[in-house]
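Structure for the following, please:
(2 chains)
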Amino acid sequence: MNLKALAERLLPGEYPSADDYEALYPPRNLPKGAEVTRLAPSPTGFIHLGNLFAAIANERIAHRSGGILYLRIEDTDLKRKVDGAVEAVIRALDYFDIRFDEGAEIGGDETYGPWYQRQRAEIYRAFAKKLIEEGRAYPCFCTEEELSALREEQTAKKEVTGYYGKYARCRDLTEEEIYKNLDAGKPFVIRLRSMGDPEVKHTFRDEVKGEITVPENDQDVVILKSDGIPTYHFAHAIDDHFMRTTLVIRGEEWLASLPIHLELFEALGFRRPRYGHNCSLMKQDGETRRKLSKRKDPELSLEFYRKEGYHPRAVKVYMLTLLNSNFEEWYLKNPDADLASFPYKAERMGKSGALFDLDKLKDISRNELSKLSVSDMGAFLRVWAGEFGSEEERGFFADEEKMEHVLALCMGAGGKKRRKDFETASQAMDFIRYFFVRTPRVDEYRADPATRIAVLEAFLASYDPEDDSSAWFEKVKGIAAANGYAADTKQYKADPEAFRGSVADIAEILRIAATGKANTPDLWTILHILGEGETKGRMRAALREALTEEIAALRSILEERK
RNA sequence: GGCCUUGUGGUCAAGCGGUUAAGACGGCGCCCUCUCACGGCGCAAUCCCGGGUUCGAUUCCCGGCAAGGUCACCA
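Presented below is the predicted three-dimensional model:
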């Protein structure tokens, strides 16, 4: 068979030679040990936690080694294209401090571009043509119906499905048959003529999994679709070769197609990059665990974290603790270090899928937020409220000085002991709400209305906004003593029978009266921030409430006596 | 179903033939304390199962089992 003529008929025209391309995309001039990694999303614009997970790994490895991280867009499947998607991906990753050195929409050195696969049609065809000339690829005229019939037949016979060996019908078409099909205008795809035998296994060193065994490929996979666009597999081999990728870190769902890729590199005569297949994020779903899915799990969307108001650094730290088993320990020792200084290692990546743990993320989030300065926290919350908050919440920022005092209190700023009251921006805004507006009571009083009346009246009578913290608390103790409560907890614990309770109970009445909550940061400071008018107003409102309850109680007693 | 991968407390995990089997989150308890948060201390909880190899296996080998992934002209 005249392969040269067949190739010309299938893919007519002059194409640059392999050597031309080698010269066009020369090996990169990088220091020894520098890794070239990439992110190669399809342009759906949707980037989720799983993508971020892999992105962080690729970014760290490239930049730790003094190498290059680039962005390639795998737009070979038209159905997936969404406008503005590439910008969205770049923006989403930038939020987590992931910056590309080159790639689609990045600018900079154009040597290894273009980075949109659709714009690279020529190079794929050139190499497909070369493979046809060498007898390593051939046209296939099978229709989709024929292929699915084949699949059914194989399934029924419990044989491996696919286009291989004796099932690869177009593999041994005669020259005459091929040209007859071509003349009839039948659409065709180009398939690899596989030389492998799946019974033959090779051991392969994966950068994250270690030694793995991989069988040879025997599938005559499609390399060029009928529209002349390459499949992922073919584009991967050509692009990662000519973009001079040194290390492909990708999800372990690709492990199954590794044999195909290895054969492709071999057939093309390319030296293959190293591979690292990372595990995917899992989620507990009833009895079993499964890969986090875009449709079922809102927490997979990066948008979820922005809406909830997780700090990007918290998400990144959590990803890193899952990604590198020694990160957490390192971070514990270097809590203030730049994340970029962590010695990231591919071999320290987990081999098995980690369950996504929201509790852990929340803990990390509390820690990260507590490290922020008051002004950074203010800025973080303001930006969040601007985008996701309510009108009311945006109003909280009107009085900057007050906001600063509130945040300083809730973060324990200036003091020796910092607080960790804030978990996310949305939770924080809710947490500080009572400073700005009177909120409905969320916790119940333990004390009866009569006691509350006595305590609140005594408080109001003795309240002096000029009191400092200790003078103020002395008064509270006085109120406790006057009402049969122990003035300090130790006293109460020593002899619980002797008292109705302790200062803690008195403080609780005042706390709920002022904030609606039984648990808050330091009460004196809160009252100080609220100011004299608001403090008295809230105490009086609580007093009225207690009086109303008491009157109602007395009435019902009266009713019973009648 | 075939093939590949993985299997240490509820979760993330260290471990690389001999350890009281680290640490973190979560849970529980105690201390600190006007509540909470912070901080401190402590407790419960783990080597998937069965065979080997070995003086000795969580660790090495074999066989099960379980979980995950994958079997497209999608990536």
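
so what pLDDT did A:Glu415 get?
Let me fix one detail, which is that residue A:415 is Gly and not Glu. A:Gly415 is assigned a predicted lDDT (pLDDT) of 64.

doesn't A:Tyr138 make contact with A:Phe188?
No - using CB atoms under 8 Å, A:Phe188 makes no contact with A:Tyr138, being 9.3 Å away. In short, each C-beta sits where N, CA and C put it, glycine included.

which parts of the stretch 201-350 of chain A sit against RNA strand B?
A:201, A:209-210, A:212-215, A:222, A:225-227, A:229, A:231-232, A:252-257, A:279-280, A:282, A:284, A:288-291, A:321-322, A:325-326, A:328-329, A:332, A:348, A:350 (CB under 7 Å from any atom of the strand).

Please report the distance of A:Cys170 from A:Ile223.
14 Å (CB to CB, to the nearest Å).

More neighbours: which of the two?
Comparing A:Cys170 with A:Ile223 by other CB atoms under 10 Å, the one with more neighbours is A:Ile223, at 27 against 19.

Tell me the secondary structure at the more buried one.
strand (DSSP: H, G, I helix; E, B strand; the rest coil).

do the same with the one 3 residues further on
Secondary structure state of A:Ser226, per three-state DSSP, is coil.

Buried ones only from the residues of the stretch 201-350 of chain A next to RNA strand B, please, as a PyMOL command.
The PyMOL command for the buried members of these (criterion: 16 or more other CB atoms under 10 Å) is given here:
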select buried, chain A and resi 209+214+222+225+229+231+232+252+254+257+279+280+282+291+321+322+328
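
Off-centre distance for the helix or strand harbouring A:Lys477?
Element membership of A:Lys477 [criterion: DSSP states H and E] is helix A:469-482. Relative to the chain's own centre, helix A:469-482 is displaced by 50 Å; criterion: CA atoms, centre = their mean, to the nearest Å.

name the helices or strands packed onto that helix?
Here helix A:469-482 touches helix A:449-462, helix A:503-515, helix A:523-530, going by 3 or more CB pairs under 8 Å, 6 or more residues apart in numbering; DSSP states H and E.

orientation of the first one relative to helix A:469-482 in degrees?
Here helix A:449-462 runs at 140 degrees with respect to helix A:469-482, directions being taken by axes from the mean of the first three to the mean of the last three CA atoms, to 10 degrees.

Show residues contacting helix A:449-462.
Contacts of helix A:449-462 with the rest of the structure, by CB atoms under 8 Å, 6 or more residues apart in numbering, involve A:445, A:447, A:475-476, A:478-479, A:482-483, A:500, A:506, A:509-510, A:513, A:536, A:539-540, A:542-543, A:546-547, A:549-550, A:553.

Show me which of those residues are buried.
Applying 16+ other CB under 10 Å to those flags A:445, A:447, A:475-476, A:479, A:483, A:506, A:509-510, A:513, A:536, A:539, A:542-543, A:546-547, A:549-550 as buried.

The longest helix seen in chain A vs helix A:523-530, what angle?
Secondary structure of chain A read by DSSP state H shows that its longest helix is helix A:532-561. If you take the same axes, to 10 degrees, helix A:532-561 sits at 110 degrees to helix A:523-530.

In terms of secondary structure, what does helix A:532-561 contact?
In terms of contacts (3+ CB pairs under 8 Å, 6+ apart), helix A:532-561 is packed against helix A:449-462, helix A:503-515.

how far out from the middle of the chain is the helix or strand of chain A with the lowest mean pLDDT?
The weakest-scoring helix or strand in chain A, judged by mean pLDDT, DSSP states H and E, is strand A:288-291 (a mean of 76). Centroid separation between strand A:288-291 and its chain, computed with CA atoms, centre = their mean, is 18 Å.

What residues of the helix or strand just after that strand count as buried?
With elements assigned by DSSP H and E, the helix or strand that comes after strand A:288-291 is helix A:302-308. Judged by neighbour count using 16+ other CB under 10 Å, the buried positions of helix A:302-308 are A:Leu302, A:Tyr305, A:Arg306, A:Lys307, A:Glu308.

Which residue, other than its chain neighbours, is closest to the second one?
Excluding the flanking residues, the one nearest A:Tyr305 by CB to CB, 6 or more residues apart in numbering is A:Val315, at 5.4 Å.

Next, the contact list for the one you found, please.
A:Leu52, A:Phe96, A:Tyr305, A:Leu361.

still on that earlier bit, report whether the helix holding A:Lys477 contacts RNA strand B.
Yes - using CB under 7 Å from any atom of the strand, we find that helix A:469-482 touches RNA strand B at A:Ser469, A:Phe473.

what sits up against that helix?
Under the criterion CB under 8 Å, 6+ apart, residues A:455, A:458-459, A:462-464, A:467, A:486-488, A:502-503, A:505-507, A:510, A:522, A:524-525, A:527 lie in contact with helix A:469-482.

go on, stretch A:534-551?
The contact list for stretch A:534-551 (CB under 8 Å, 6+ apart) reads A:438, A:449-450, A:452-453, A:456-457, A:459-460, A:463, A:465, A:510, A:512-514, A:527, A:530.

Residues of the stretch 1-150 of chain A that sit close to RNA strand B?
Counting by CB under 7 Å from any atom of the strand, the stretch 1-150 of chain A sits next to RNA strand B at A:Ala40, A:Pro41, A:Ser42, A:Glu74, A:Thr76, A:Asp77, A:Arg80, A:Cys142, A:Thr143, A:Glu144, A:Leu147.

how does it look with 10 Å?
A:40-44, A:72-80, A:117, A:140-148, A:150 (CB under 10 Å from any atom of the strand).

count of neighbours near whichever residue of the stretch 51-200 of chain A sits closest to RNA strand B?
Among all residues of the stretch 51-200 of chain A, A:Glu74 sits closest to RNA strand B, at 3.0 Å; criterion: CB to the nearest atom of the strand. Each residue near A:Glu74 was counted by other CB under 10 Å, and the total is 18.

quick one: contacts for A:Lys345?
Going by CB under 8 Å, 6+ apart, A:Lys345 touches A:Asn324, A:Asn326.

7 Å - rerun?
A:Asn324 (CB atoms under 7 Å, 6 or more residues apart in numbering).

ok, for A:Asp97, nearest residue in space, not its chain neighbours?
A:Lys316 (7.0 Å).

From A:Phe53, how far out is the one you found?
Using CB to CB, A:Lys316 is found at 10 Å from A:Phe53.

Please report phi then psi for A:Ile364.
phi -60, psi -40 (degrees, to the nearest 10).

so A:Arg120 touches A:Ala104, yeah?
No - when contacts are counted by CB atoms under 7 Å, A:Arg120 is not listed as touching A:Ala104 (11.5 Å).

Quickly find the element holding A:Pro465.
Counting by DSSP H and E, A:Pro465 is part of no helix or strand.

For it, which phi and psi angles does the backbone take?
phi -60, psi -10.

Neighbours of the residue lying closest to it once chain neighbours are set aside, how many?
Using CB to CB, 6+ apart and skipping residues adjacent in sequence, the residue nearest A:Pro465 is A:Glu532, 4.2 Å away. Counted with other CB under 10 Å, residues neighbouring A:Glu532 total 13.

does A:Pro440 count as helix, strand or coil?
A:Pro440 ends up coil, using three-state DSSP.

Could I get the pLDDT score of the nearest residue to it once chain neighbours are set aside?
Of all residues not flanking A:Pro440 in the chain, A:Gly516 sits nearest, at 6.2 Å (CB to CB, 6+ apart). A:Gly516 carries a pLDDT score of 95 in this model.
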